[in-house]
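K.L.:
Make a model of this:
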Amino acid sequence: MKAFRLLFSLTLYVVLSVFVPCQAEEIRNFSSDITINRDSSIDVVERINVDFANAQRHGIYCIIPVQYSRHNASYTLPLTVESVTDNAGSALNYVFTHQDHDVIIKIGDADRTITGIHSYKIQYKVKRALNFFDHAPELYWNATGNEWPYPIDSASATVRVPLDVKSGDIRAEAFIGPPGSTVKGSATVAGSAVQFSSPNPLAPGEGLTVVVGLPAGSVVQPSWWQEALLSFVDWWPAYLIPLAVFTTIYLLWWHSGRDIDANHPIAVEWNPPKDLSPAEVGTLVDESCDMEDIVSTLIDLAARGHLKIAQISSKGFLFFSNKDYEFTKTSPPATEKLAQHENEFLSGIFRSSLTPGSSRTLSTLKEEFYVHIPALKKYIYDELTNKGLFLSNPETVRTKYKAMAFLFFLIGIWLLISKPPFGVGILISGAIIFLFARAMPARSAAGSKARRECLGFARFVRLAEKDRIRVLAKEDPTIFGRLLPYAMVLGAADQWASAFEGLLTEPPDWYQSSDYGPNSIFSVSDFVNDLGGGLNTMRSTFGSAPSGGASSGGSSAASGESGFSGGSSGGGFGGGGGGSW
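P.N.:
Just a heads-up that it's a prediction; the model follows:
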């Protein structure tokens, strides 16, 4: 932006000089008087003597940068204009505005034109203009700016330091020329003042930059809380944007992300909801369809007579296990209708060949079954939503908010380059939305009731008395295997096995293993532990995919560097330029 402004101004100056030589303008004298205050602020008085020649002008405008990038962070100099007068002290009309990283002081009357020589005296105060190195203050200030489109015949600056600073403790340097020039100007220490000047006129685009170093303690360094307050001014988007987003997303959650009728007591239930499969129960309880919910479908279908599971020996290792499993399709009950996710599961296991007697081993499903998982999850979410247990499909709701968070991340990364405070604020906002995404799905009143029934069954499993279990097992000999997958997804499989210990003498008829021979003593707990190990292998196998494949600028003062090491013309705070209008 600075380069563009300078190029435009220089082009305008050349055009005016060549084609309208009688209207060429120049700055006869540019002097800057800077006072370093005890509170580390500075008072600046600029006297600009401009010759408009016979060009019809309204006045001048001055551009002063006030926002810089320091350590990739925004750093702002609070600047307050105190007066704008002519050399006689008469007040002049001016307009003070902010534009991007600069402030603009536009002086003059729109309904009045002037020619010839005119003088302007601009007085303003600046905070945060000093850098501190081991508590030693340093002023690194671009006194004239390097963006004036016409020459400056005489450029000088005076820096006044606190009276108790000894002249021998003052360090001073001056740089003249275009930006980046290390040509030295004149710097003379005289008591509590330092005089700077350029020995030669400055061409368009050239300027005078001064550096003054003082001993530690000569001014009061801003306290941490003052810096924190000023930092907040610089970084307000990083604080206020996330706060606004958090408030908005919280209100959205309060309005549409909370379960209906959720705050009712949970009673003990002897059975899970009749119309829900184990996978649906596990998904309903935590609003997430996990691999454990999907694998429970295998045990549930086996318990309902759709297949048999046989543990067999394996010559190799399958996810650190030397056991493999064979699944054999059986003739299903004639009256039973399977849900979409159950049909999809069987199709994935048996490659759509559902003829009784068909068989597959777990090892052959490695890096193959995973393609069915997205469809399984979709069917389970859709079934719960169609049953009216969720207000909207949980995965769709989460995806919507995650997509919004991803958009925030992209915008935040893009803004980090040009506007770091806004970039950081939007990135934090994206993280807030992403974290809220999991909580945004909501259960309906029916869903809350069904969830309480599920948790009530889990409570029954954990508190079940042996006598009650004995009665249930006598009334329904299949109850252990039939309800085992529900206990699994509710995290109560061990308690369910413990409740049946001593009541069962053989494993369910849908599970075969060489460990359970005619002379072995059957233990329900050992069976569940053995089955649990097999399910861990199944979870890893069902979710395995082929490897490699499937899813899945500123000046040195602004940067905090000393002007005594690598300083140059155009460096430091201040600077800018201006023109006539």
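K.L.:
Tell me which residues touch Glu206, please.
P.N.:
Listed by C-beta atoms under 8 Å, 6 or more residues apart in numbering, the contact set of Glu206 reads Asn146, Ile152, Ile176, Gly177, Pro178, Ser181, Ser569. C-beta here means a position set from N, CA and C on the backbone, and glycine is covered the same way.
K.L.:
Let me see the confidence value for it.
P.N.:
Looking at Glu206, its pLDDT stands at 88.
K.L.:
State the distance from it to Asp51.
P.N.:
Between Glu206 and Asp51 the computed distance is 18 Å (C-beta to C-beta, to the nearest Å).
K.L.:
Tell me where the stretch 351-500 of the chain is predicted with low confidence.
P.N.:
Under the criterion pLDDT under 70, the flagged ranges of the stretch 351-500 of the chain are 352.
K.L.:
where exactly do the strands run in it?
P.N.:
Counting by DSSP state E, counting those that start in this stretch, the segments of the stretch 351-500 of the chain that form strands are 359-361.
K.L.:
same thing with the stretch 1-150 of the chain?
P.N.:
Remark: strands assigned in the stretch 1-150 of the chain by DSSP E, counting those that start in this stretch are 26-36, 42-51, 60-65, 67-70, 73-76, 79-85, 94-99, 102-107, 117-126, 130-133, 136-142.
K.L.:
Of those strands, flag the one that's most buried.
P.N.:
The densest packing among those, expressed as mean neighbour count by mean count of other C-beta atoms under 10 Å, is seen in strand 136-142 with a mean of 24.
K.L.:
Which strands and helices lie in contact with it?
P.N.:
Applying 3 or more C-beta pairs under 8 Å, 6 or more residues apart in numbering; DSSP states H and E, one finds that strand 136-142 makes contact with strand 26-36, strand 130-133, strand 155-160, strand 207-213, strand 573-574.
K.L.:
Partner strands of that strand and their direction?
P.N.:
Each strand that strand 136-142 pairs with, and the sense of that pairing, follows from DSSP bridges: strand 130-133 (antiparallel), strand 207-213 (antiparallel), strand 573-574 (parallel).
K.L.:
So for it, mean pLDDT?
P.N.:
Averaged across strand 136-142, pLDDT comes to 87.
K.L.:
Can you tell me the centre-most residue of this structure?
P.N.:
If you average the C-alpha coordinates of the chain and look for the closest C-alpha using C-alpha atoms, centre = their mean, you land on Leu427, 2.3 Å from that point.
K.L.:
how many neighbours does the nearest residue to that residue once chain neighbours are set aside have?
P.N.:
Excluding its sequence neighbours, the residue lying closest to Leu427 (C-beta to C-beta, 6 or more residues apart in numbering) is Gly412, at 3.5 Å. As a burial measure, Gly412 scores 21 neighbours (other C-beta atoms under 10 Å).
K.L.:
surely Gly412 meets Pro420?
P.N.:
No - using C-beta atoms under 8 Å, Gly412 makes no contact with Pro420, being 10.0 Å away.
K.L.:
list the contacts for the nearest residue to Asp43 once chain neighbours are set aside?
P.N.:
Once flanking residues are discounted, Asp43 sits nearest to Thr35: 4.4 Å by C-beta to C-beta, 6+ apart. By C-beta under 8 Å, 6+ apart, Thr35 lies in contact with Ile42, Asp43, Val44, Val159, Arg160.
K.L.:
Who is the closest residue to Val45 other than its chain neighbours paired with across the strands?
P.N.:
Counting by C-beta to C-beta, 6+ apart, Asp33 is the residue found nearest to Val45 once chain neighbours are left out, at 4.3 Å. Beta-bridge partners of Asp33, counted by DSSP bridges, are Val45, Thr158.
K.L.:
got a pLDDT number for Asp33?
P.N.:
Looking at Asp33, its pLDDT is 93.
K.L.:
With Asp51 instead?
P.N.:
Taken from the predicted model, the pLDDT recorded for Asp51 is 90.
K.L.:
Cys22 too?
P.N.:
Cys22 carries a pLDDT score of 41 in this model.
K.L.:
before we move on, what about Ser547?
P.N.:
The model reports Ser547 with a pLDDT of 61.
K.L.:
Report the separation between the nearest residue to Arg360 once chain neighbours are set aside and Ser167.
P.N.:
In space, not counting the residues next to it along the chain, Arg360 is nearest to Phe327; the distance is 5.4 Å by C-beta to C-beta, 6+ apart. Going from Phe327 to Ser167 by C-beta to C-beta gives 94 Å.
K.L.:
higher neighbour count, those two?
P.N.:
More neighbours surround Phe327 than the other of Phe327 and Ser167, with 22 against 12 (other C-beta under 10 Å).
K.L.:
would you say the more buried one is within a strand?
P.N.:
Yes - counting by DSSP: H, G, I helix; E, B strand; the rest coil, Phe327 is located in a strand.
K.L.:
Bridged to it, which residues?
P.N.:
With DSSP bridges as the criterion, the beta-bridge partners of Phe327 are Ile309, Arg360.
K.L.:
returning to what we had before: with respect to Pro273, which of the strands paired with strand 136-142 lies nearest?
P.N.:
With C-beta to C-beta as the criterion, Pro273 lies closest to strand 130-133 of these, at 68.6 Å.
K.L.:
Convert the C-alpha atoms of the closest one to PDB, please.
P.N.:
Extracted in PDB, the C-alpha atoms of strand 130-133 (Å, rounded to 0.1, in the frame of the first residue of the first chain):
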ATOM      1  CA  LEU A 130       9.500   4.100  22.500                       C
ATOM      2  CA  ASN A 131      11.200   0.600  22.500                       C
ATOM      3  CA  PHE A 132      12.900  -0.700  25.600                       C
ATOM      4  CA  PHE A 133      16.000  -2.800  25.500                       C
END
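K.L.:
How far does that strand sit from its chain's centre?
P.N.:
Here strand 130-133 is found 32 Å from its chain centre; the criterion is C-alpha atoms, centre = their mean, to the nearest Å.
K.L.:
how about the helices of the protein, start to end?
P.N.:
Counting by DSSP state H, the chain has these helices, from start to end: 2-19, 224-252, 278-286, 291-303, 340-350, 373-386, 394-418, 420-437, 445-463, 466-475, 479-489, 493-500, 524-543.
K.L.:
Before I go, just wanted to say thanks for your time.
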